[in-house]
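Colleague: What shape does this take:
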Amino acid sequence: MAKNLKDIDNMAEEKGSWLVTAWQFVKFIVVSLLACIVQFALVNLIPLIPQVKEMYGTAFHWFVFDYPVEDGGLGYFIAFNVANIAAQIVAFFVNKEKTFNSGANTAVVLPIYIVFTIALICFSAWLSPTLYGLFINKWGWAEALALNIATAVCSALQFFLYFPVDKLLFKEKKEDKEEKKA
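Modeller: Residues are numbered from 1 along each chain as shown. Got it, this is the predicted structure:
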């Protein structure tokens, strides 16, 4: 029986690349759940900060981002995006080290990951208040429910987009990197 994660990784490696990818996907799900917990905790805790709570009364309109007061305003923008960024930082390092056992040069892959993350966060920063406003204004949902469902939808989209990107970015295995050095 496998004693640790590395043993399970080795067993999957022996069975073939399809099983390695399936095992990586399982680990990716676990890491994504960890990142999701970070995101949900922060998106619900940040509004409790008095300065952020005050910003819920300030409309925020910039570029494609439209956060009217009735949809949470600047406070919601800050809470959602700080929570999203924190979750992606956690996911990057845990996925690199544990999910993909990658020896990829962080100085090379991190900027690529950051650009992808910024694009995805901008999309989510547009989508989330759109959904939030729809849930509150059109369907009459409670604010907390609308906030969490909008966050869940954005998290799910990110989950399905990040796996193939991470698989490409973290392709180089630690063992391969060590062999090259030798």
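
Colleague: Neighbours of V109, how many?
Modeller: 19 (other CB atoms under 10 Å). Every C-beta, even on glycine, is put in place using the N, C-alpha and C of the backbone.

Colleague: Isn't it up against F170?
Modeller: Yes. Proximity of V109 to F170 meets the contact threshold set by CB atoms under 8 Å, at 6.9 Å.

Colleague: Residues that sit against both of the two, list them.
Modeller: Common neighbours of V109 and F170, using CB atoms under 8 Å, 6 or more residues apart in numbering, are 96, 102.

Colleague: Next, the contact list for P129, please.
Modeller: Counting by CB under 8 Å, 6+ apart, P129 touches 65-67, 71-72, 76-77, 80, 150.

Colleague: what helix or strand is it on?
Modeller: In the assignment (DSSP states H and E), P129 maps to helix 106-133.

Colleague: got the buried residues for that helix?
Modeller: By neighbour count with 16 or more other CB atoms under 10 Å, helix 106-133 contains the buried residues 109-110, 113, 116-117, 120-121, 124-125, 128-129, 131-133.

Colleague: Likewise for stretch 75-82?
Modeller: Result for stretch 75-82 [16+ other CB under 10 Å]: buried residues 75-81.

Colleague: got a list of contacts for that stretch?
Modeller: The contact list for stretch 75-82 (CB under 8 Å, 6+ apart) reads 42-43, 46-47, 52-58, 60, 65, 67, 72, 121, 124-125, 128-129, 132, 147, 151.
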